[in-house]
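Undergrad: Prediction below, plus the sequence it came from.
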Amino acid sequence: MKITGATFLVSLALAVTPAWAGSDDDWELAHDPSQELTMAAVRYEGGQAIVAQCQRGRLVVMITGLPPHEDLLRLTAKRADGRSATQIWAPVAGPGAFRSASPAREARFMRGGGAYSVRSATEAGATVLATFDLPAQSANLDRVLTDCGWALEDDRDLLEEADVTLDSPNARSERPTYRLPSVPEREVSCVVREMRFQDCRADHPPSQRTSNTRSLIRAVQGERAYVPLGADPQSAEGKVFRIIASNQLLVVVSR
């Protein structure tokens, strides 16, 4: 599937539909103060779209029009400047619609415009292969991030994802794989140093001082990191490990 161009001919099934505004070289923007809602979108002739939405302090980034997939979708993404990243997307209502596990990071990844390419992270039997032509300007996308209290730049976006877990591969995990929780999440990242989770922090600045976030950081900080059986522990050194949690679920989103 090849997706190019930036002609806005598709309408999205959104909870509210305020008027869109924008220019040819920026994301479309919609703002509804009564709903505490700011949205930026790029829409394409084939019916695909990328939408970033901040509503009441919660950030969601979605892609629509991808091949349907029932489980978490692991994608290798590449920007126009050659930078790449592993991204995780969860299916939402409607076939072919997915939301990002790390919406702020993915929104920042799309800043700067040009070709944004995604493909299934697994080598065999790729089910997703797409290239989106993003607008050169991203002021409207930046506004969505800012309205939700996210930084426009983060040095940890440049770190590779650590292929580690919180549980020993020899032990039965007590943390089964969940779909991403639908309630607002806490996002924490740690850097792997000497096979320990170090420098753990809240990635969302406004949540840094909340008790739930502080508890999550305390629970992970300094804990041992485990690599898959047969893997070299040095391969994880200096890489980032990300966690999303709600009050009920713990969801590890690093690969």
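TA: Right, received. Where do you want to start? Predicted model only: the values in this text are computed from it and were never measured.
Undergrad: Surely residue 141 and residue 110 touch.
TA: Yes. At 6.7 Å, residue 141 counts as touching residue 110 under the criterion of C-beta atoms under 8 Å. All C-beta spots, glycine's among them, are computed from the backbone N, C-alpha and C.
Undergrad: Looking at those two, which is more packed in?
TA: residue 141 (27 against 22; other C-beta atoms under 10 Å).
Undergrad: Check which helices and strands the helix or strand hosting that one sits against.
TA: Assigned by DSSP states H and E, residue 141 belongs to helix 139-147. The contact analysis (3 or more C-beta pairs under 8 Å, 6 or more residues apart in numbering; DSSP states H and E) places helix 139-147 against strand 28-32, strand 37-43, strand 49-55, helix 103-110.
Undergrad: Export these to JSON lines and append columns for distance to residue 70 and mean pLDDT.
TA: Formatted as JSON lines, the helices and strands packed on helix 139-147 follow (distance: least, C-beta to C-beta, whole Å; pLDDT from 0 to 100):
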{"stretch": "strand 28-32", "distance to residue 70": "30", "mean pLDDT": "95"}
{"stretch": "strand 37-43", "distance to residue 70": "25", "mean pLDDT": "96"}
{"stretch": "strand 49-55", "distance to residue 70": "21", "mean pLDDT": "96"}
{"stretch": "helix 103-110", "distance to residue 70": "21", "mean pLDDT": "96"}
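Undergrad: Tell me which residues touch residue 52, please.
TA: By C-beta atoms under 8 Å, 6 or more residues apart in numbering, the contact list for residue 52 reads 27, 39-41, 59-62, 103, 107, 141, 144-145.
Undergrad: bridging residues for it?
TA: residue 40, residue 61 (DSSP bridges).
Undergrad: where's it relative to residue 200, distance?
TA: Distance, residue 52 to residue 200, by C-beta to C-beta, to the nearest Å: 26 Å.
Undergrad: what does residue 79 give?
TA: Taking C-beta to C-beta, one finds residue 79 at 27 Å from residue 200.
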